[in-house]
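Student: predicted structure and sequence below. I'll ask about it afterward.
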Amino acid sequence: MGVIFPSSFLPFSCTKIFISSSSTFSFSAQTRFGLCFRAMSSTSESQTGSVSSSTLHQVPGLDPLEMDSISEKTFERYSSNTVKRNGKGVSIVWFRNDLRVLDNEPLFKAWVSSEAVLPVYCIDPRLFQTTYHFGFPKTGALRAQFMIECLADLKKNLMKKGLNLLIQHGKPENIIPLLAKAFAAHTVYAHKETCSEELQVERLVAKSLRQIVLSPAQGKSSRSSSTHNPKLELLWGSTLYHLDDLPFSIDSLPDVYTQFRKSVEAKCAIRGCIRLPKSLGPPPSIDDWGTIPSIEQLGLHSEKTTKGMRFLGGEAAALGRVTEYFWKKDLLKIYKDTRNGMLGPDYSTKFSPWLASGSLSPRFVYEEVKRYEKERLANDSTYWVLFELIWRDYFRFISIKYGNSLFHLGGPRKVEHRWRRDEKLFEAWRNGCTGYPLIDANMKELSASGFMSNRGRQIVCSFLVRDMGIDWRMGAEWFETCLLDYDPCSNYGNWTYGAGVGNDPREDRYFSIPKQAQTYDPDGEYVAFWLPELLPLPREKRNFPGKSYIEQVVPLKFGNTYKQHSQRSKYGGRQSGLQRR
Ligand SMILES: Cc1cc2nc3c(=O)[nH]c(=O)nc-3n(C[C@H](O)[C@H](O)[C@H](O)COP(=O)(O)OP(=O)(O)OC[C@H]3O[C@@H](n4cnc5c(N)ncnc54)[C@H](O)[C@@H]3O)c2cc1C
Ligand SMILES: Nc1ncnc2c1ncn2[C@@H]1O[C@H](COP(=O)(O)OP(=O)(O)OP(=O)(O)O)[C@@H](O)[C@H]1O
């Protein structure tokens with residue numbers, strides 16, 4: 001099919017970047033291999049006590065050949081010889097936040113229903129504009145880099161399956177219909193999203209496809225004798241439990257997590273992963289498949305992670321991380337005991353960046369947990385990973401039920417509260433200069449690596465909204481910029497929880513900094529890693545450095561020391577301290 005394409009273009013205006021960059025780093029397969037990383041041993045640093053403030057961990061800590069071999073074997077294990085193709089003409093797969101081959105239903109359906117599949121990814125300029133209220137970069141450089149790596153790996157994996165990935169720069173509603181017309185595609189398959197920005201794009205794509213008229217003579221796609229429009233078929237595929245299998249309608253989805261979890265666990269089964277044939281080819285004939293952009297072409301400056309964790313984007317890395325965490329390091333069996341850690345790659349799975357980009361299917365994680373339980377052991381820890389993944393499901397389904405109120409100041413419960421928008425305080429929080437080492441270390445980790453532990457996220461969220469009294473959406477939007485695993489449902493869902501405007505049965509989720517420091521960083525290893533100036537202090541002083549550290553920008557709501565805090569609580573302070581879940 002010798003069709004001439006609209007050539008790639010870059011309609012982006014340069015976005016202001018908030019995090020400064022000291023060096024340039026342009027991704028290529030070669031540079032990825034060439035980077036110097038220290039591989040992790042099977043125990044985390046916090047367990048061994050050997051913290052070096054310059055440590056950089058690649059996640060996963062596997063070499064590229066090992067990752068390739070893991071993904072080959074996994075694809076092999078998940079391929080099917082029995083599925084049959086029975087369609088005509090061309091179908092399009094519009095990739096969105098589902099940058100994977102394994103367990104990808106749109107890809108499967110497109111293959112079954114056509115003679116040729118055209119996989120497309122549109123680099124949407126809106127993703128590189130600014131956040132809704134406070135004008136931060138919508139996508140920070142580290143997540144953009146991660147996305148670039150995901151695209152490179154997706155292209156590679158599709159090529160292994162006999163296809164390719166067409167990369168186009170522009171809005172899907174402009175590009176997809178042009179392609180549908182050029183290839184006389186009968187259907188565009190994609191995964192369904194739930195938040196209004198993504199839903200709006202779906203509506204626009206559907207609308208512009210309706211304006212494309214294909215004659216019966218166009219392509220081999222027409223099954224009828226009359227003219228027709230290409231269809232947009234949206235499929236559910238981002239959660240463990242399928243939307244259609246929920247035991248309640250979305251309107252009556254339980255607001256309380258525990259009720260939601262118990263109900264789905266009792267009444268729903270998790271569907272098996274979709275199995276694809278070994279080859280999905282041939283693709284339609286295309287002269288120019290487009291190029292994966294560099295970070296600069298996205299209007300951003302490259303940033304290099306030099307300490308902490310450096311996550312590799314892509315499905316091969318995602319499958320590698322599952323293998324590393326479950327099978328190689330055998331960490332699944334202790335997950336529940338380690339998951340509240342903050343330092344190093346091994347206290348928790350670190351699956352979230354790949355889950356958010358869709359390079360990893362939660363159903364695949366489920367099947368791996370079950371395999372591990374069968375082949376190694378089943379305990380509270382093996383179950384707890386699923387428990388946490390159900391939180392992810394919960395926030396996604398809540399986003400359908402509550403729509404935009406998830407993003408509104410009063411949250412789903414429409415809570416009235418006076419919030420501050422003190423820029424100076426916010427800047428201190430964002431830059432990690434609050435005078436509280438635990439807050440500062442976490443915020444520095446976020447800026448430097450695009451990641452923060454769940455414990456850290458809860459602590460810095462509580463500090464911003466409770467101790468500083470700042471509009472929680474400022475924090476949520478900053479997380480939106482920085483997080484590699486940014487996902488609107490999990491991010492805004494957790495922030496509404498932390499701000500007390502979500503559906504949390506515990507209304508005042510206050511985290512006492514001194515108590516959190518004493519419980520989760522008793523030797524100050526975490527804070528000394530991110531704030532090396534604290535390293536010379538005695539371990540018990542690192543979280544309580546007094547005048548030897550920068551001045552505290554606000555007092556704590558319930559006092560500055562753990563002791564004081566306990567006394568106040570006794571005399572009527574709100575419930576605080578350890579907030580495990
Ligand atoms: C204020 C705040 C903002 C957050 N923003 C995001 C976000 O944008 N994207 C995101 O994926 N997670 C978010 N989380 C949830 C959680 O912090 C991360 O999913 C987790 O830290 C990722 O690390 P992990 O993969 O090692 O998690 P693990 O502890 O290994 O958990 C396994 C998986 O379970 C899911 N999960 C665990 N905890 C939660 C949770 N509280 N909510 C939803 N899913 C969960 C994640 O998919 C995670 O990968 C946020 C939490 C808070 C408190
Ligand atoms: N994927 C997403 N990422 C971040 N924010 C999102 C996403 N999808 C939707 N939103 C948020 O949803 C909100 C939609 O705002 P909008 O004002 O259009 O909603 P609304 O319900 O009409 O609000 P209002 O009632 O105040 O007019 C914005 O805050 C926007 O940032």
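Tutor: Noted; the coordinates are in hand. Ligands and ions are numbered 1, 2, ... in the order given.
Student: just the CA coordinates of the helix ranked longest in the chain, formatted as PDB?
Tutor: Among the segments of the chain that qualify as a helix by DSSP state H, the longest is helix 380-402. Extracted as PDB, the C-alpha positions of helix 380-402 are listed here (Å, rounded to 0.1, in the frame of the first residue of the first chain):
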ATOM      1  CA  ASP A 380       0.700 -12.800  53.800                       C
ATOM      2  CA  SER A 381       3.400 -11.100  51.700                       C
ATOM      3  CA  THR A 382       2.500 -12.800  48.400                       C
ATOM      4  CA  TYR A 383      -1.100 -11.800  49.000                       C
ATOM      5  CA  TRP A 384      -0.200  -8.200  50.000                       C
ATOM      6  CA  VAL A 385       1.100  -7.300  46.500                       C
ATOM      7  CA  LEU A 386      -2.400  -8.100  45.200                       C
ATOM      8  CA  PHE A 387      -3.900  -6.200  48.100                       C
ATOM      9  CA  GLU A 388      -2.000  -3.100  47.000                       C
ATOM     10  CA  LEU A 389      -2.900  -3.600  43.300                       C
ATOM     11  CA  ILE A 390      -6.500  -3.600  44.400                       C
ATOM     12  CA  TRP A 391      -5.900  -0.100  45.800                       C
ATOM     13  CA  ARG A 392      -4.800   0.800  42.300                       C
ATOM     14  CA  ASP A 393      -8.000  -0.700  40.800                       C
ATOM     15  CA  TYR A 394     -10.100   1.100  43.500                       C
ATOM     16  CA  PHE A 395      -8.800   4.500  42.600                       C
ATOM     17  CA  ARG A 396      -9.300   3.800  38.900                       C
ATOM     18  CA  PHE A 397     -12.900   2.800  39.400                       C
ATOM     19  CA  ILE A 398     -13.500   5.700  41.800                       C
ATOM     20  CA  SER A 399     -12.400   8.000  39.000                       C
ATOM     21  CA  ILE A 400     -15.300   6.800  36.900                       C
ATOM     22  CA  LYS A 401     -17.800   7.100  39.700                       C
ATOM     23  CA  TYR A 402     -16.700  10.600  40.900                       C
END
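Student: touching the helix or strand following it from outside, list them.
Tutor: Counting by DSSP states H and E, the element after helix 380-402 in chain order, helix or strand, is helix 423-431. Contact with helix 423-431 is made by 433-435, 439, 443, 447, 460, 463-464, 468, 470, 474-475, 478, 553-554, as judged by Cβ atoms under 8 Å, 6 or more residues apart in numbering. All C-beta atoms are positioned from the backbone trio N, CA, C, and that covers glycine.
Student: re the thing from before, mind giving me the packing neighbours of the longest helix of the chain?
Tutor: In terms of contacts (3 or more Cβ pairs under 8 Å, 6 or more residues apart in numbering; DSSP states H and E), helix 380-402 is packed against helix 257-267, helix 335-338, helix 362-375, helix 488-499.
Student: wait, does it contact ligand 1?
Tutor: Yes: under the criterion of Cβ under 6 Å from any ligand atom, helix 380-402 makes contact with ligand 1 via Val385, Glu388, Leu389, Trp391, Arg392, Phe395.
Student: hmm, the third one is touching Pro362, no?
Tutor: Yep, that's Leu389 we're talking about. Yes: using Cβ atoms under 8 Å, Leu389 makes contact with Pro362 at a distance of 5.3 Å.
Student: can you list residues touching both of the two?
Tutor: Leu240.
Student: quick one: secondary structure of Thr291?
Tutor: coil (DSSP: H, G, I helix; E, B strand; the rest coil).
Student: give the contact list for the closest residue to ligand 1 within the stretch 51-200 of the chain.
Tutor: Of all residues in the stretch 51-200 of the chain, Val59 sits closest to ligand 1, at 9.6 Å by Cβ to the nearest ligand atom. Residues near Val59 by Cβ under 8 Å, 6+ apart: Met309, Arg310, Phe311, Leu312, Ala317, Arg321, Pro345, Lys350.
Student: what's the separation between it and Pro353?
Tutor: 9 Å (Cβ to Cβ, to the nearest Å).
Student: overlap in contacts of the two?
Tutor: Contact criterion Cβ under 8 Å, 6+ apart; residues shared by Val59 and Pro353: Phe311.
Student: for this structure, give the strand that spans the most residues.
Tutor: For the chain, the strand reaching the highest residue count under DSSP state E is reported as strand 116-123.
Student: direction included, what does it pair up with?
Tutor: strand 90-95 (parallel), strand 166-169 (parallel) (DSSP bridges).
Student: and the ones you listed, which is most packed in?
Tutor: Among the strands paired with strand 116-123, the stretch with the highest mean neighbour count (mean count of other Cβ atoms under 10 Å) is strand 90-95, at a mean of 27.
Student: get me the contact residues on the stretch 401-550 of the chain for ligand 2.
Tutor: Residues of the stretch 401-550 of the chain lying near ligand 2 (Cβ under 6 Å from any ligand atom): Asn404, Phe407, Glu480, Pro488.
Student: out of those, who's near ligand 1?
Tutor: Near ligand 1, by the rule Cβ under 6 Å from any ligand atom, you find none of these.
Student: just among the residues you listed, which is most surrounded?
Tutor: When those are compared by neighbour count (other Cβ atoms under 10 Å), Glu480 ends up highest, at 24 neighbours.
Student: list of residues touching the host helix or strand of that residue?
Tutor: Secondary structure from DSSP H and E places Glu480 in helix 472-482. With contact meaning Cβ under 8 Å, 6+ apart, helix 472-482 is reached by 18-19, 131-134, 136-140, 142-143, 407, 409, 419, 421, 426, 429-430, 446-447, 450, 457, 460-461, 464-465, 486, 488, 491-492, 495-496, 498-499, 501.
Student: repeat that with 7 Å
Tutor: Residues outside helix 472-482 that contact it (Cβ atoms under 7 Å, 6 or more residues apart in numbering): 131, 133-134, 136-137, 140, 409, 426, 430, 446-447, 450, 461, 464-465, 486, 491-492, 495, 498-499.
Student: per-residue pLDDT, Ala39?
Tutor: The pLDDT attached to Ala39 in the predicted structure is 29.
Student: how about low-confidence regions in the protein?
Tutor: 1-53, 217-225, 507, 561-581 (pLDDT under 70).
Student: skipping adjacent residues, who's closest to Ser79 in space?
Tutor: Lys278 (4.9 Å; Cβ to Cβ, 6 or more residues apart in numbering).
Student: for the stretch 101-250 of the chain, which residue gets nearest to ligand 1?
Tutor: For the stretch 101-250 of the chain, Cβ to the nearest ligand atom, closest residue to ligand 1: Leu240, 9.7 Å.
Student: distance of that residue relative to ligand 2?
Tutor: 20 Å (Cβ to the nearest ligand atom, to the nearest Å).
Student: does that residue really touch Leu389, like I thought?
Tutor: Yes: with contact defined as Cβ atoms under 7 Å, Leu240 counts as touching Leu389 (5.2 Å).
Student: near ligand 1, which residues of the protein? Just list them.
Tutor: So far as Cβ under 6 Å from any ligand atom goes, the chain lies against ligand 1 at 339, 348-352, 355-356, 385, 388-389, 391-392, 395, 453-454, 457-458, 461, 479, 483, 485-487, 490-491, 494-495, 498.
Student: from the residues you listed, which would you call buried?
Tutor: Taking 16 or more other Cβ atoms under 10 Å as the criterion, what is buried in these is 339, 348-352, 355-356, 385, 388-389, 391-392, 395, 453-454, 457-458, 461, 479, 483, 485-487, 490-491, 494-495, 498.
Student: sorry, back to before: got the buried residues for the longest helix of the chain?
Tutor: 381-382, 384-386, 388-402.
Student: separation between Gly308 and ligand 1?
Tutor: 14 Å.
Student: how many residues are close by that residue?
Tutor: Neighbours of Gly308 using other Cβ under 10 Å come to 22.
Student: how long is stretch 426-444 end to end?
Tutor: 14 Å (Cα to Cα, to the nearest Å).
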